[in-house]
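S.K.: One predicted model, sequence on top.
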Amino acid sequence: MKKILIIYPHNFLEHSSGINTRYYQLALYFKSRGIQIDFFGVENFFEDKKWDRDKILAKNMLNELYVYDFKNNKTREQVVAEHKENLRKKTLTYRIKHRISRRLKKIFVPLINSKPSKPEFPKINVLEELPNYAFEGMQDELKHITEKTKYDFVLIGYVYWADLINESNLKNTLKIVDVNDFCTLQHFYHNYGNIKIGALLEEEIKRINLFDVALCISDDERWFFSQFANKPSYYFIPQFFKKQPITFTHNFRFDILFIGSDNIHNQVSIKWFFERVYPLLTNKYTICIIGKITDYVGEYPDLTKIKFVNNLTEIYNQVKISICPMLQGSGMKIKVVEALSYGKPVVCTNKGVDGFNQKRNNGCSVTDEPVEFAGFIDKLIADTKFYHHQRELAISFFQNHLEQSVVGKELDKVFSVEEVDNHTLI
């Protein structure tokens, strides 16, 4: 049995974001091909959250789970030294010295702070380096993992951890990077353009060039990075789903659907929709918004907000169209792929079709203009002929380019495997 180690910071079994959905689908692919999955995750990365090891392993997706504490950033030796230091601090000698020091500070620090200080002007911090999260402690932990188990493949989810592949125990392992985000571009958005673009981009290219294989969620980014980082073999691996049941009905509970997490891109997008597009709609349509993004949406007539649903199929069966008013971001908009898998026409901005290898005739009505965006919504809901035409395009494009069996054949080229017992993906 072949073995893969996936190094990815989030618990993809939570289905809390589009990128987690990608890793869930990849895990299903590996399971269907009989590849044993070990997972190396990172807790306390964006939020203080512990991983429930027993609960995760009980889902029978992973063979083994390793978790590194992002707050730690220490080697095993440093952890031991810190423990010894904590024991020293409990001694009587240390407590006496600490008490004297604390009393002296109470006397002299106020005198120093009483002096007038020069006025300080706000500074704009410019990000000059691409973050490197391959901490020494994580490298140390990876060494222990690879001493126990030899892997055929290691898949790293972001170039932030690219330096981990220097581990000597991975010399005979196929090293794969999943280019699911254009990291330099993401930092450009998050830092409002205050980055050293050249420095970050050069480093991102350098890190991609460390790998044997690059899986690219975006065909645009596959083309871009392959021009500069020529060591890896590149494969266009878009977001994929199993073909979903397509319902044909004239009675929809909701006219419009938007699904999103609470990331900054979705916040900007939904704000633009309600401020610039919503007032232009000819009718007050029924709208359903799902996900953590609901925390950033006000109250409107005929608007239903649902923070979490267990079964998206039930929701998609009740909606007529989906929207993706994204104004920024990179990679591929997984919410668009998901809508197409249910045969739902999508009204989106140009960002909505980022990464697609076919920008037209794909079931998406595309525009960055609020008036035209509203017009596409009106036409899809009111014009039955136009609606059915777009629906057929959505179904055809999804089945030919984004359906799991199609993308699975491309993944087979990388992992050199066949389906187990001729079973399709779950």
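M.R.: Everything's here; your move.
S.K.: Give me the residues contacting the longest strand seen in the chain.
M.R.: Scanning the chain for the longest strand, with DSSP state E as the assignment, gives strand 36-43. By CB atoms under 8 Å, 6 or more residues apart in numbering, the list of residues contacting strand 36-43 from outside reads 1-11, 27, 30-31, 49-51, 61-70, 133, 138, 141-142, 145, 149, 151. (Glycine included, C-beta is placed from N, CA and C.)
S.K.: tally of neighbours for the closest residue to Tyr278 other than its chain neighbours?
M.R.: Leaving aside its chain neighbours, Tyr278 sits nearest to Tyr300 (7.2 Å; criterion: CB to CB, 6 or more residues apart in numbering). By other CB atoms under 10 Å, the residues close to Tyr300 number 12.
S.K.: any idea which helix or strand carries Tyr300?
M.R.: Using DSSP states H and E, Tyr300 sits in no helix or strand.
S.K.: OK, contacts around it?
M.R.: Here Tyr300 is in contact with Phe274, Tyr278, Ile287 (CB under 8 Å, 6+ apart).
S.K.: among these, who's most crowded?
M.R.: Busiest of the contacts of Tyr300 [other CB under 10 Å] is Ile287, holding 23 neighbours.
S.K.: what are the bridge partners for that residue, then?
M.R.: Beta-bridge pairing for Ile287 (DSSP bridges): Ile256, Leu303.
S.K.: Verify the stated contact: it with Pro301.
M.R.: No - using CB atoms under 8 Å, Ile287 is not in contact with Pro301; the gap is 9.3 Å.
S.K.: Okay, strands next: where are they in this structure?
M.R.: Going by DSSP E, the chain shows strands at 3-7, 36-43, 64-69, 153-156, 174-179, 213-216, 233-236, 254-259, 287-290, 303-306, 319-324, 346-348, 364-366.
S.K.: What is the neighbour count of the residue lying closest to Ala394 once chain neighbours are set aside?
M.R.: Among residues not flanking Ala394 along the chain, Gly363 sits closest, at 2.5 Å (CB to CB, 6+ apart). The tally of other residues near Gly363 (other CB under 10 Å) stands at 23.
S.K.: same check, this time on His144
M.R.: So His144, with other CB under 10 Å, has 11 neighbours.
S.K.: show me where pLDDT drops low in this protein?
M.R.: Across the chain, the ranges flagged by pLDDT under 70 are 47-48, 74-95, 97-98, 101, 104-124, 417-426.
S.K.: Can you give me the domain assignment for it?
M.R.: The record's domain parsing of the chain by automatic domain parsing lists 3-73+129-236, 254-402.
S.K.: Distance check, Asp152 against Thr173.
M.R.: Distance, Asp152 to Thr173, by CB to CB, to the nearest Å: 7 Å.
S.K.: who touches both of these two?
M.R.: Joint contacts of Asp152 and Thr173 (CB under 8 Å, 6+ apart) do not exist.
S.K.: for the contacts of Tyr300, which one is nearest Phe252?
M.R.: Closest to Phe252 out of those is Ile287 (11.7 Å), distances taken as CB to CB.
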